[in-house]
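Undergrad: Predicted model and sequence follow; I will ask about them next.
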2 protein chains.
Amino acid sequence: MSIAKTSQRRADMIVETRAKLMAAGRRAFAAKGYAGASMDDLTAEAGLTRGALYHHFGDKKGLLAAVIAEIDSEIAARLRVIIAQADTAWDAFIDESVAWIEMSMEPEIRRIMLLDGPAVLGDPSGWVGQTACVDSTARSIRRLIDEGLAKPVDPDAAARLVNGAALSASLWIASAEDPRAVSARAIESFLALASGLRKHA
Amino acid sequence: MSIAKTSQRRADMIVETRAKLMAAGRRAFAAKGYAGASMDDLTAEAGLTRGALYHHFGDKKGLLAAVIAEIDSEIAARLRVIIAQADTAWDAFIDESVAWIEMSMEPEIRRIMLLDGPAVLGDPSGWVGQTACVDSTARSIRRLIDEGLAKPVDPDAAARLVNGAALSASLWIASAEDPRAVSARAIESFLALASGLRKHA
DNA sequence: CGCTTCACATACGAAGCGTATGCGAACCAG
DNA sequence: CTGGTTCGCATACGCTTCGTATGTGAAGCG
């Protein structure tokens, strides 16, 4: 071994470069918003130039899309953990939704995925495969219907509605003066709404 | 009369100029999005220059805010008509929500208010007084609670959730291949969710 | 060992935004 | 009626930023 392979392989350097650009992009987009983030600045912060960025991501929107895909998969992983810990299918659905409300209050998710993402890339319905949270909610609802716990609504439609409600709630909470108190009221209302999906209750 | 007053008064010209700029802004923002709309182009289309725009609205965001306020008040007026035509408080609430789902499918409202607005101006919670639709929903819910028809949830919180759900539904519908069919499924799910707000049912 | 490939840098042109300045017509004092 | 001020709007300028076109040097391959 000794000195052998001190120089990383080509492929390794590439993924490292991509990772550095995406990390810088996440920071810049989260801090200044998509429009306010300068590609010269964020590439310099990553120790590179715009040349690298255009080579790997095509254009500014490409970097945003990549960053969003990354954040989305992280969200999906976090939701999976929440769901796995729940005792019943109904609990899983509720816990997941509440977790999503809380996650969308995080500045990075809020700014990049919820505000700039739809404006720049078009609304999320088009982001094929990049909507882990909605997909996850749809799966939970489908499971509820299969188990006879929920009304036989369209799972995808219901998932969109539930996610939209949660999203709107978190935007509201995040900009409130007393997030804790507002959050409690929002979750209470959410539980009431969600109960509308239950079978006979 | 004859030729008298062929020249309008100063104030009249000002409101006309503002109106022309806002109309051109609405068209440009709706057609190309906020970022894609050039101020040189849209002012030229109005027969003016950027000078007039900066004089009246301060900057590009100022024009967007004015356009959004105008659209918002139009929405509020349309919702008032819907509510007035309903027989019961519950019908008013449902009709209003469904109308909002359908309105947010209109390209102008979708692009300007729902996609670009939050990204440029910050999320809507901060647009004091410029959230007629949420306010309207909150009033409807308050009325339901007063009449004992709805659970005693926080009206503002519930209104946000309901509006968010509706908004998400319409974004989804608008980008679907078969809007009619998807719309029906979305509204069915919405009715199920909304039933969660009813008192004992 | 020379040629190709490819990751990335450099250089250039084109918009677009905001501001500073200019102009002309409407109000106002005397 | 006249000289000055206000103000609605246009013109002119600089700066930033994006996208592309081109250059370069190192790794791979015959």
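TA: Great, that's in hand.

Undergrad: Domain-wise, how is chain A divided?
TA: A:9-58, A:69-197 (automatic domain parsing).

Undergrad: wait, residue A:143 sits on residue A:88?
TA: No - with contact defined as C-beta atoms under 8 Å, residue A:143 does not count as touching residue A:88 (10.2 Å). Heads up, the C-betas are built off the backbone N, CA and C, glycines and all.

Undergrad: Of the two, which one has the most company?
TA: Between residue A:143 and residue A:88, residue A:143 has the larger neighbour count (other C-beta atoms under 10 Å in any protein chain shown), namely 17 against 12.

Undergrad: Which residue comes closest to that one once chain neighbours are left out?
TA: residue A:89 (5.0 Å; C-beta to C-beta, 6 or more residues apart in numbering or on different chains).

Undergrad: and the one you found, what does it touch?
TA: Applying C-beta atoms under 8 Å, 6 or more residues apart in numbering or on different chains, we find residue A:89 in contact with A:140, A:143, A:144, A:147, A:149.

Undergrad: What is the nearest of the residues you listed to DNA strand D?
TA: residue A:140 (37.8 Å; C-beta to the nearest atom of the strand).

Undergrad: Neighbours of that closest one, how many?
TA: There are 26 residues near residue A:140, going by other C-beta under 10 Å.

Undergrad: Could you name the specific helix or strand carrying it?
TA: Using DSSP states H and E, residue A:140 falls within helix A:132-146.

Undergrad: and that helix, which residues are buried?
TA: For helix A:132-146, a neighbour-count test (16 or more other C-beta atoms under 10 Å in any protein chain shown) marks A:132-145 as buried.

Undergrad: Over to stretch A:160-176?
TA: A:160-175.

Undergrad: near DNA strand D at all, stretch A:45-52?
TA: Yes - residues of stretch A:45-52 are located near DNA strand D by C-beta under 7 Å from any atom of the strand, namely A:50, A:51.

Undergrad: Start and end of that stretch, how far apart?
TA: 13 Å (C-alpha to C-alpha, to the nearest Å).

Undergrad: Go ahead and flag the most central residue of chain A.
TA: residue A:72 (3.8 Å; C-alpha atoms, centre = their mean).

Undergrad: For my notes, confirm that one occurs in a helix.
TA: Yes - membership of residue A:72 in a helix is supported by DSSP: H, G, I helix; E, B strand; the rest coil.

Undergrad: Please report the distance of it from DNA strand D.
TA: 22 Å (C-beta to the nearest atom of the strand, to the nearest Å).

Undergrad: For that residue, which residues are in contact?
TA: Residue A:72 neighbours (C-beta under 8 Å, 6+ apart): A:113, A:130, A:131, A:132, A:133.

Undergrad: just the contacts of residue A:89 now: which is nearest chain B?
TA: Chain B lies nearest to residue A:144 out of the contacts of residue A:89, by C-beta to the nearest C-beta, at 11.9 Å.

Undergrad: Could you count how many residues lie near whatever residue of chain A ends up closest to DNA strand C?
TA: Residue of chain A nearest DNA strand C, by C-beta to the nearest atom of the strand: residue A:51 (2.0 Å). Residue A:51 is flanked by 9 other residues according to other C-beta under 10 Å.

Undergrad: Which strand or helix spans it?
TA: Secondary structure (DSSP H and E) places residue A:51 in helix A:50-57.

Undergrad: Other residues contacting that helix?
TA: Outside helix A:50-57, the residues touching it (C-beta under 8 Å, 6+ apart) are A:14, A:17, A:18, A:21, A:39, A:40, A:43, A:60, A:63, A:65, A:66.

Undergrad: One more pass at 6 Å, please.
TA: Residues outside helix A:50-57 that contact it (C-beta atoms under 6 Å, 6 or more residues apart in numbering or on different chains): A:18, A:21, A:39, A:43, A:63, A:66.

Undergrad: and if you look at stretch A:28-41?
TA: A:42, A:50, A:60, A:108, A:111, A:112, A:116, A:120.
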